[in-house]
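**Student:** everything below, folded, please.
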Amino acid sequence: MDDAGLNQNLLIDLMMKLTLLDGVTTLSRLSSQMKVGMPILDQLFRYVRREQLCEVKGMIGNDYELTLSAAGRKSAQDRYAINQYIGPAPVKLNDYCQAVKDQSAHQTINRATLQEVFFDLVLPDAMLDQLGPAIISGTTLFLYGPTGNGKTSIAERLVRIYKDFIYIPYAIEIEGQIINIFDSVVHQEVEAQEEDVDPRWILCRRPCIAVGGELVPEMLELRFEEVLGFYSAPLQMKANNGLLIIDDFGRQMINPRDLLNRWIVPLDRRVDFLSLRTGVKFPIPFEMLVVFSTNLDPRQLADEAFLRRIQNKIKVDTISPEIFDGIMERVCSDHDVPFDAEVAAFLRQRCNPDGKGVLRACYPRDIVKILLTIADYENREPRLSNQDVERALNLYFAKS
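**Tutor:** As a prediction, this is how the structure comes out:
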C-alpha cells in the first residue's frame with residue numbers, strides 16, 4: 001500500500017461508501033471499482049471486519065460477499081456526507097507530476113509531416129515552415145491576423161501531430177483532498193488498455209481543449225464542488241501533455257491582461273501553482289502546447305514582457321489568388337460541386353473589387369455553402385456559375 005502511494009484512511013472511506021451504495025458487494029467488485037489489487041482489498045477488509053464495520057454474508061467461490069453493519073452504515077453515511085467521491089483510488093501528487101514530465105511531447109516534425117496534418121487545408125509552404133519550429137518547441141504559439149483566414153482551423157488540427165498515447169490518472173490526492181482529473185468529454189480513452197499497468201491510470205490520446213468567449217477566471221483554478229466534497233481540475237491541468245487552445249483571445253469574459261498575468265510564470269517556467277480552499281498551495285507541471293488565436297492587435301492585448309515569453313508569433317494574413325483558387329477547388333470537391341476556374345476567378349475579383357489584397361480563406365467555403373442552399377431552394381443540383389455566385393455574394397456581403 002505504501003509503495004503504491006495509497007492512503008489507507010482514504011481507501012477505507014471509498015470502500016465503505018461504495019458498499020453503502022451497493023448494499024451488498026464483493027471484494028472483487030470493490031477491487032474493480034476502486035482500481036486496486038485484491039491483496040490491498042484484503043488488507044482493508046480485515047481492518048473493516050476487525051472494527052465490526054461490516055458483516056460477511058457468505059462466499060461466492062473464493063470471494064467474500066459483504067454488507068455494512070449498523071455501525072458501518074452510520075460511519076459510511078457520515079463519510080459520504082463529507083465527501084461523495086466514489087471513483088477509482090487517487091494517485092499521489094508527486095507520482096502525477098513525475099508522469100506528466102515523463103510524458104512530455106517530443107515530436108519529429110518536418111514539412112512533409114505538416115502537409116499530412118493539414119491535408120484538408122490549403123496552406124502555403126512558408127506558413128508550414130513557420131509552424132514547424134513553433135510546434136517542436138512545445139511551448140506557446142500566438143496566431144494572429146485578420147478574421148476569416150484560418151487561425152482556428154489551423155489550431156484545431158494541431159492535435160493531429162500527436163500519434164502516441166499517454167497515461168492520465170482518474171484522480172490525485174493531496175493533503176487528504178481529492179482532485180478529479182479524468183474527464184470523459186476531454187480525454188479519449190484508448191480501447192485496448194495495456195496489461196500489467198496500475199489501473200488507477202487510464203491510457204488516452206493526448207488531450208485537446210479549446211475555449212473561446214466562455215473562458216472565465218474560475219476555469220483556471222481548482223473548483224471545489226460544495227455538494228460533492230471534492231475538487232475538479234482546472235483546464236490547464238486537464239490539458240497537460242496535450243494542446244490548449246485559447247480561441248478569439250481578447251474577447252473572453254476574463255480580461256486579457258488578467259489571463260496573461262495569471263499565466264506569465266507558467267508559460268515561462270512550465271510550472272503552475274494551485275491552491276486548496278484550506279490555503280495549501282502546491283505546484284503542478286504546465287506541460288502543454290498553448291495556442292492563442294486572435295484577430296486583434298497583439299500589442300493591444302499584451303505588454304512587451306508577456307509577448308517576450310511567447311517566442312512563436314505567426315501572422316495568418318490575407319491569402320494570395322493562387323491559395324484562394326486552391327481553397328475554392330478543394331471546397332467544391334468536398335461538396336460535389338463541379339469546379340470552374342473561370343468562375344473561381346470571377347468570384348475572386350468580386351470578393352476583391354479594389355484589388356487591395358483583401359482575400360480571406362473563409363470566402364470560398366462560405367460562398368459554396370450558400371450555393372448549396374440556393375440549389376436546395378430551387379430543387380436542383382448545385383452549380384458554380386457567375387449568376388449563382390452573384391446571388392450568393394448579394395446574400396453574403398452586407399451592403400452600405
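
**Student:** buried set for stretch 96-106?
**Tutor:** 96, 97, 99, 100, 103, 105 (16 or more other CB atoms under 10 Å). Every C-beta, even on glycine, is put in place using the N, C-alpha and C of the backbone.

**Student:** so which of these sit within strands?
**Tutor:** When the buried residues of stretch 96-106 are checked against strands (DSSP state E), there are no matches.

**Student:** could those residues go into JSON lines alongside pLDDT and distance to residue 74?
**Tutor:** What follows is the buried residues of stretch 96-106, written out as JSON lines (pLDDT from 0 to 100; distance: CB to CB, whole Å):
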{"residue": "96", "pLDDT": "96", "distance to residue 74": "34"}
{"residue": "97", "pLDDT": "96", "distance to residue 74": "38"}
{"residue": "99", "pLDDT": "96", "distance to residue 74": "38"}
{"residue": "100", "pLDDT": "96", "distance to residue 74": "40"}
{"residue": "103", "pLDDT": "94", "distance to residue 74": "43"}
{"residue": "105", "pLDDT": "86", "distance to residue 74": "49"}
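
**Student:** contacts for the least confident helix or strand in the chain by mean pLDDT, please.
**Tutor:** Comparing every helix and strand of the chain by mean pLDDT, DSSP states H and E singles out helix 304-309 as the least confident one, with a mean of 75. If you take CB atoms under 8 Å, 6 or more residues apart in numbering as the criterion, helix 304-309 is touched by 140, 142, 260, 264, 267, 268, 298, 299, 313.

**Student:** what's the farthest-apart pair in those residues?
**Tutor:** 268 and 299 (19.4 Å; CB to CB).

**Student:** quick one on the thing from earlier: which of the residues in the least confident helix or strand of the chain are buried?
**Tutor:** So, applying 16+ other CB under 10 Å, buried residues of helix 304-309: 306, 309.

**Student:** helix or strand next in line after that helix, which one?
**Tutor:** Using DSSP states H and E, the helix or strand that directly follows helix 304-309 along the chain is strand 312-315.

**Student:** buried sites along the helix or strand just after that following strand?
**Tutor:** Moving toward the C-terminus from strand 312-315, the next helix or strand (DSSP H and E) is helix 321-334. Within helix 321-334, the residues scored as buried using 16+ other CB under 10 Å are 323, 324, 325, 326, 327, 328, 329, 330, 331, 332.

**Student:** ok, stretch 69-81 next?
**Tutor:** Neighbour-count burial for stretch 69-81 [16+ other CB under 10 Å]: 69, 72, 73, 75, 76, 79, 80.

**Student:** let's see it as PDB, backbone CA atoms only.
**Tutor:** Provided in PDB are the C-alpha atoms of stretch 69-81 (Å, rounded to 0.1, in the frame of the first residue of the first chain):
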ATOM      1  CA  SER A  69     -23.100  -3.400   9.900                       C
ATOM      2  CA  ALA A  70     -25.300  -0.800  11.600                       C
ATOM      3  CA  ALA A  71     -22.200   0.900  12.900                       C
ATOM      4  CA  GLY A  72     -20.600   0.700   9.500                       C
ATOM      5  CA  ARG A  73     -23.700   2.200   7.800                       C
ATOM      6  CA  LYS A  74     -23.600   5.100  10.200                       C
ATOM      7  CA  SER A  75     -19.900   5.700   9.600                       C
ATOM      8  CA  ALA A  76     -20.300   5.400   5.800                       C
ATOM      9  CA  GLN A  77     -23.200   7.800   5.800                       C
ATOM     10  CA  ASP A  78     -21.100  10.400   7.800                       C
ATOM     11  CA  ARG A  79     -18.200   9.900   5.400                       C
ATOM     12  CA  TYR A  80     -20.500  10.200   2.300                       C
ATOM     13  CA  ALA A  81     -22.000  13.500   3.700                       C
END
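
**Student:** ok, back up a step: just flag the most distant two among the buried residues of stretch 69-81.
**Tutor:** Maximum distance among those (CB to CB): 16.0 Å, for 69 and 80.

**Student:** elements contacting the helix or strand containing residue 76?
**Tutor:** Assigned by DSSP H and E, residue 76 belongs to helix 70-82. The helices and strands touching helix 70-82, judged by 3 or more CB pairs under 8 Å, 6 or more residues apart in numbering; DSSP states H and E, are helix 8-22.

**Student:** what does the following helix or strand past the helix it packs on contact?
**Tutor:** Remark: after helix 8-22, the chain's next helix or strand is strand 24-26, criterion DSSP H and E. Outside of strand 24-26, the residues within contact range by CB under 8 Å, 6+ apart are 18, 19, 57, 60, 63, 64, 65, 66, 67.
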